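Enquirer: only the shape, not the letters, is given here:
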């Protein structure tokens, strides 16, 4: 596939933008600043989710394990838990589904606490992540003031998605469950936007201020991984680029039913 036009558009976008693409049939890849770090927003929730699934596979927790979410734990912006009154007990499976499908920040923080940031950091390294980093919870202003920042790397997120597609993350069953949760994603205006929001696309987004990300397995006739990250960008312009590029790649890979 000729990526010259896509590369030209990438160069014209504001801020820092990185893209990673891999055709999972032919092995063709394209990388544009894909090995760099980007402030993570919610895209870092993908490897957090994947480690929680490892904890389940290892018997450290179960899907039914209950976590007490206190009123003071509830965080704003994305999510449903912030709207439930009082303290509430929520099982692990509900927490990870909320974290991924609607990017619930409270659910994410509860899972980060279940795992622990030191253990998550070690788990990220075991996954092969060098530039994707978890350093703090979401909406932790004290940690942010101390300079603690979460980061993602497009190429590394792409590698994780490929391992899910290939059923090589932990086990075929765990990989399949991760994919199924990603397919239930409700935030569908970026990579799925022009391809079709009801099409088979397993994705996780991230957004915050002038940051917008999306990473996905797109199930075209020739399935592919696409990850686009941006910091300090013009969000509407970059999201339009994400939608247009995903559609162009899907058409180039034989279309998607």
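Expert: Received the coordinates, thanks. If you're wondering where the values come from, they're calculated on a predicted model, not measured in any experiment.
Enquirer: where exactly do the helices run in the protein?
Expert: Here the chain has its helices, by DSSP state H, at 4-12, 45-57, 92-101, 105-115, 117-126, 141-145, 154-165, 172-183, 192-195, 235-252.
Enquirer: and residue 132, how far from residue 76?
Expert: To residue 76, residue 132 is 25 Å away according to CB to CB, to the nearest Å. Using the backbone N, CA and C atoms, a C-beta is placed for each residue, glycine as well.
Enquirer: neighbour-wise, which of those two wins?
Expert: residue 132 (26 against 10; other CB atoms under 10 Å).
Enquirer: you'd agree residue 248 is up against residue 2?
Expert: No: assessed by CB atoms under 8 Å, residue 248 is found out of contact with residue 2, at 10.2 Å.
Enquirer: contacts only, for residue 104.
Expert: By CB atoms under 8 Å, 6 or more residues apart in numbering, the contact list for residue 104 reads 78, 79, 80, 81, 95, 98.
Enquirer: select only the buried ones of those residues in ChimeraX?
Expert: In ChimeraX syntax, the buried subset of these is picked out as below (16 or more other CB atoms under 10 Å):
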select :78,79,81,95,98
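Enquirer: how about the helices of the chain in a markdown table, adding distance to residue 210 and mean pLDDT?
Expert: Shown next, in a markdown table, are those (distance: least, CB to CB, whole Å; pLDDT from 0 to 100):
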| stretch | distance to residue 210 | mean pLDDT |
| --- | --- | --- |
| helix 4-12 | 16 | 96 |
| helix 45-57 | 20 | 98 |
| helix 92-101 | 23 | 97 |
| helix 105-115 | 19 | 96 |
| helix 117-126 | 25 | 97 |
| helix 141-145 | 16 | 84 |
| helix 154-165 | 17 | 98 |
| helix 172-183 | 25 | 98 |
| helix 192-195 | 19 | 97 |
| helix 235-252 | 6 | 98 |
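Enquirer: nearest to residue 220, out of those?
Expert: Of all these, it is helix 235-252 that lies closest to residue 220, at 4.8 Å by CB to CB.
Enquirer: distance between that closest one and the chain's centre?
Expert: Computed by CA atoms, centre = their mean, to the nearest Å, the chain-centroid distance of helix 235-252 equals 17 Å.
Enquirer: any idea how far residue 196 is from residue 236?
Expert: Taken as CB to CB, the span from residue 236 to residue 196 is 20 Å.
Enquirer: neighbour count winner among the two?
Expert: Neighbour count, other CB under 10 Å: between residue 236 and residue 196, residue 196 has more, with 14 against 9.
Enquirer: who touches residue 79 in this structure?
Expert: Contacts of residue 79 by CB under 8 Å, 6+ apart are 98, 102, 103, 104, 105, 106, 107.
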